[in-house]
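1. Test case, fold it:
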Amino acid sequence: MILKIVRKITDFIAKANNITDEYKIDRIRYGIEVIVKEGIKFTSLLLISILFHKVPEFIIITALIVGIRRRIGGGHCKGFVSCFVKTSIFYISIFLISSNISRINIIGQVVISLITIYVLLTVKYKTKLVAEGNRNQNFKIKLKVILIYILVLAITVQSNNDSYINTTLLTSLYIIYEYIKKEGVVIKMRLLGCKKRLTNHLMTLALIVGAASLNVKCEIWWEEIELPLDVREDK
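-> Reported below is the predicted structural model:
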């Protein structure tokens with residue numbers, strides 16, 4: 001149904017402007033589809049927030065999703081209906097949880113904020129068209145995303161409203177969780193890279209210390225550590 005509406009709007013625009021380039025027409029189709037589908041979701045979620053008397057929470061969640069998730073990515077659904085259902089459940093869950101638990105304590109606030117900022121600093125920012133921006137672009141995007149998060153967090157903390165603070169922290173935590181889950185393979189490869197570098201440094205240190213220890217009568221304290229295999233065989 002939605003795709004038919006999108007196609008009709010696209011055809012109307014193409015005919016009215018005498019556009020025959022199929023690539024340009026499909027670009028128009030893509031833009032119209034984004035407007036229609038995201039517009040339906042936005043309007044529906046706003047109505048749900050009004051029904052639950054959670055408009056400020058709706059604004060907080062949406063600001064974080066638009067400001068952070070659109071930049072770092074995350075999980076995706078296969079179609080509009082599944083996306084709409086998942087998004088609605090997410091918003092309603094945050095509405096209910098944030099207002100029915102006590103305020104996350106200061107330690108929790110600091111930990112969640114540090115985790116969020118750390119991930120935002122280490123993300124390789126990319127788009128649907130560009131696999132990865134250059135260093136300067138990445139720095140600007142990182143700065144912008146982190147400032148958005150800090151601004152939203154500062155406003156909610158300043159409000160001194162438990163529900164607003166919980167909404168900010170829980171939403172950001174879920175966004176980071178989804179990113180880590182989606183990019184798990186990439187993160188694992190990075191960790192393996194760190195592991196290799198660490199073990200290389202450790203190996204170098206062990207060889208240096210071992211060589212130094214072989215050139216003295218005994219180790220620092222009283223234990224006599226078993227000598228290396230090549231030294232034992234030579235003896």
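2. and the strand or helix carrying residue 46, which residues are buried?
-> With elements taken from DSSP states H and E, the one containing residue 46 is helix 22-51. In terms of neighbour count (16 or more other CB atoms under 10 Å), helix 22-51 has its buried residues at 28, 29, 32, 33, 36, 37, 41, 45, 48, 49. No exception for glycine: its C-beta is placed from N, CA and C like everyone else's.
3. so what are the domain limits for the chain?
-> Per automatic domain parsing, the domain ranges recorded for the chain read 52-182, 188-217.
4. what's the closest of the ones you listed to residue 226?
-> domain 188-217 (11.6 Å; CB to CB).
5. Give the rounded mean pLDDT of the closest one.
-> Averaged across domain 188-217, pLDDT comes to 71.
6. now stretch 99-115
-> 91.
7. Please save the CA atoms from that stretch in CSV.
-> Only the C-alpha atoms of stretch 99-115 are listed here, as CSV (Å, rounded to 0.1, in the frame of the first residue of the first chain):
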residue,chain,number,x,y,z
SER,A,99,9.0,6.6,34.8
ASN,A,100,8.6,3.4,37.0
ILE,A,101,12.2,3.0,38.3
SER,A,102,14.1,5.3,40.6
ARG,A,103,16.6,7.7,39.1
ILE,A,104,19.8,6.0,38.0
ASN,A,105,22.4,6.9,40.6
ILE,A,106,25.3,9.2,39.9
ILE,A,107,27.7,6.3,39.5
GLY,A,108,25.4,4.7,36.9
GLN,A,109,25.1,8.1,35.1
VAL,A,110,28.8,8.5,35.0
VAL,A,111,29.5,4.9,33.8
ILE,A,112,26.8,5.0,31.1
SER,A,113,28.0,8.4,29.9
LEU,A,114,31.6,7.4,29.8
ILE,A,115,30.8,4.2,27.8
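8. on that earlier part again, and the helix holding residue 46, what does it pack onto?
-> helix 2-16, helix 55-64, helix 80-100 (3 or more CB pairs under 8 Å, 6 or more residues apart in numbering; DSSP states H and E).
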